[in-house]
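Chemist: pasting the sequence and the predicted model now:
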Amino acid sequence: MSGDTINIALVGCGTVGGGVAHVLLAHADRVTQRAGRPLALRRVVVRDHAKLRDPIIPRDIISTDIADAIHDPNVHIVVELVGGLGIAKKVVLDALAAGKHVVTANKSLLADAGAEVFEAARRAERTVCFEAAVAGGVPVIRALGESLAANQVTAIQAILNGTSNFILTAMAERGMSYAAALAEAQRLGYAEADPTLDVDGSDAAHKLAILAQISFGVAARPHEIARQGIDTIDAMDIRFAYELGYTIKLLAEAWTGGHSHSTNGAKLSRGGAANAAHANGGPPTVALHVAPVLLRHTDLLAQVRGAYNAVLVYGDIVGETLYQGPGAGQMPTASSVVADLIDLGVGRAQRTFAAAKLWSHEGRGFTVEPPERVRSRFYLRLQVADRPGVLADITRILADEEISISSLVQHETEEGEPGASATGAVPLVIVTHYASTGKFRKALERINALSTTAAPAVFFSMGD
Ligand code: NAP
Ligand code: HSE
């Protein structure tokens, strides 16, 4: 980068881009002081030129011409805040080819095409920064890549989707409906352009893929990460979980064979299969998955509310560390993007990027564990006919798969009533002891096929 001033082209000026423009313009003195030289917002590219923008952005730097901004010889850094895989990927690759450093918050792009993007960056001898891509304003990329560099991470347990956490909190604490809570999350700027990605676990899986690359060197493609979203959770599940002493959270988790039980007792049994593989002298493995998990009310992650994210990282030297803060929204995300810009200005980011060799051929020997082998306790809710033999059929199927029942809840209905619902079916909640995911799924298939089961079973992992 030559000269004193660093010139920036911002491609995308919506929720996050608007925040970045505001910070660069409203806090120019602070940013200059931290970067050691001015960071000038030279160009802003949007889709709709007529849309009203923050009046602090000079009108004459706004355009709709992406190529013109990227190829401006005076621009040193391109910030991609369009999102998605189409235009965003072209912006990033074209910017690198044009010799610009890139800052992005685009987790779906990195999870899907990290190898291609980072190879292009290395070829062009340019840097890609992406602190905002995971956990919004929480500096977890730096923590994993820099501050914990002396460690081999052995497990990660994280709330990585602000929208889902916001919805679950609003349903549990304010009794809001799922649809109303999602609409509020969208209004507040937390959700993706396609909010399905938030609620079906895809967004958290994209972020987990990035954390897994940094921590274990595995290039897990998003479709290889087993995932279940919050879109199958009913208000009834939140109430049953509460009654049992648990809070439901959407967790992204990574468990390795090297994870030591001494760090955190009971929770780690959920990585049991991976531990067993490692103990048998096989290659180190990591199990990755995203799923709603029932956490005890007292668990640290159970207390993370609203659009906040939290990432628990277990390192073989440091032990357990926790990073928490706003995981979505305009200014928290802008905070991370501008930190990346400052790092590029100082010259730190270039050195870290070169040393990290992310998405390169230099892996760490880890392979991804099939989720079927992960062991967990399970919460299972069935809608069943309230008549003799139903419970016996279900417990027989569970026994056939060597799944033992830890507790069981069926609320009383009035004598003589056919059941609580119009179909005559009543909710039956079963909590199991530890079982392999594979065997549990087999049992589910058989339970769902019973003529006395009125609706597909709903199930979640237990966090203890
Ligand atoms: P957004 O509000 O939808 O903004 C997208 C921006 O891209 C808009 O300014 C839009 O222009 C512009 N754009 C779309 N298509 C374009 C095109 N063909 N040419 C030029 N500009 C185009 O999205 P966002 O919430 O800011 O998210 C941006 C990125 O940050 C995504 O990768 C997202 O995953 C990530 N992220 C978001 C959050 C969050 O809390 N929102 C947090 C962390 C990471 P117009 O303004 O003219 O429509
Ligand atoms: N839609 C994302 C979320 C934005 O809700 O967490 C932050 O990446």
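Modeler: Yes, it's here. Ligands and ions are numbered 1, 2, ... in the order given.
Chemist: would you map out the domains in this structure?
Modeler: 6-133, 140-328, 372-462 (automatic domain parsing).
Chemist: pLDDT below threshold where in the chain?
Modeler: 1-3, 258-281, 371, 414-423 (pLDDT under 70).
Chemist: near ligand 1, which residues of it?
Modeler: Within the chain, the positions near ligand 1 by Cβ under 6 Å from any ligand atom are 12-17, 45-48, 51, 66, 81-83, 87, 105-106, 132, 136, 189-190, 192-193, 328-329, 333. Quick note: C-beta positions are derived from backbone N, CA and C, even for glycine.
Chemist: run the last query once more with 5 Å
Modeler: 12-16, 46-48, 51, 81-83, 87, 105-106, 136, 193, 328-329, 333 (Cβ under 5 Å from any ligand atom).
Chemist: nearest to ligand 1: which residue in the protein?
Modeler: Nearest to ligand 1 in the chain, going by Cβ to the nearest ligand atom, is G14, at a distance of 2.0 Å.
Chemist: which residue is the nearest non-sequential neighbour of that residue?
Modeler: L81 (7.0 Å; Cβ to Cβ, 6 or more residues apart in numbering).
Chemist: tell me how far the one you found lies from ligand 2.
Modeler: Noted for L81: a distance of 12 Å to ligand 2, by Cβ to the nearest ligand atom, to the nearest Å.
Chemist: surely that residue touches V337?
Modeler: Yes: assessed by Cβ atoms under 8 Å, L81 is found in contact with V337 at 7.4 Å.
Chemist: overlap in contacts, those two.
Modeler: 16, 20, 105 (Cβ atoms under 8 Å, 6 or more residues apart in numbering).
Chemist: what does the chain have sitting close to ligand 2?
Modeler: Residues of the chain lying near ligand 2 (Cβ under 5 Å from any ligand atom): 136, 161-163, 190, 192, 198, 328.
Chemist: next up, phi/psi of the residue nearest to G14, please.
Modeler: Main-chain torsions, L81, degrees, to the nearest 10: phi -130, psi 40.
Chemist: next, the contact list for it, please.
Modeler: Taking Cβ under 8 Å, 6+ apart, we find L81 in contact with 10-14, 16-17, 20, 104-106, 337.
Chemist: ok, the residue most central in space within the chain - contacts?
Modeler: With distances taken as Cα atoms, centre = their mean, A204 lies nearest the centre of the chain, 2.3 Å away. Neighbouring residues of A204 by Cβ under 8 Å, 6+ apart: 160-161, 164, 227, 250, 252, 290.
Chemist: any idea which element it lies in?
Modeler: Following DSSP states H and E, the helix or strand that holds A204 is helix 202-216.
Chemist: T352 is nearest to which of the domains of the chain?
Modeler: Between T352 and the domains of the chain, the tightest spacing by Cβ to Cβ is seen for domain 140-328, at 6.3 Å.
Chemist: chain center to the closest one, what's the gap?
Modeler: Averaging C-alpha positions (Cα atoms, centre = their mean, to the nearest Å) puts domain 140-328 7 Å from its chain's average.
Chemist: who's in contact with the host helix or strand of I141?
Modeler: Secondary structure from DSSP H and E places I141 in helix 140-142. With contacts defined as Cβ under 8 Å, 6+ apart, helix 140-142 is touched by 130-131, 133-134, 210-211, 214, 311, 313, 323.
Chemist: quick one: which of those is nearest A111?
Modeler: Among the contacts of helix 140-142, and counting by Cβ to Cβ, the member closest to A111 is I210, at 6.1 Å.
Chemist: please tell me how far that closest one sits from A254.
Modeler: 11 Å (Cβ to Cβ, to the nearest Å).
Chemist: the two: which has the busier surroundings?
Modeler: Higher neighbour count among I210 and A254: A254, with 30 against 23, using other Cβ atoms under 10 Å.
Chemist: quick check: buried residues in stretch 90-103?
Modeler: 91-96, 98, 100-103 (16 or more other Cβ atoms under 10 Å).
Chemist: can you redo those as a markdown table with secondary structure?
Modeler: Formatted as a markdown table, these follow (DSSP: H, G, I helix; E, B strand; the rest coil):
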| residue | secondary structure |
| --- | --- |
| V91 | helix |
| V92 | helix |
| L93 | helix |
| D94 | helix |
| A95 | helix |
| L96 | helix |
| A98 | coil |
| K100 | coil |
| H101 | strand |
| V102 | strand |
| V103 | strand |
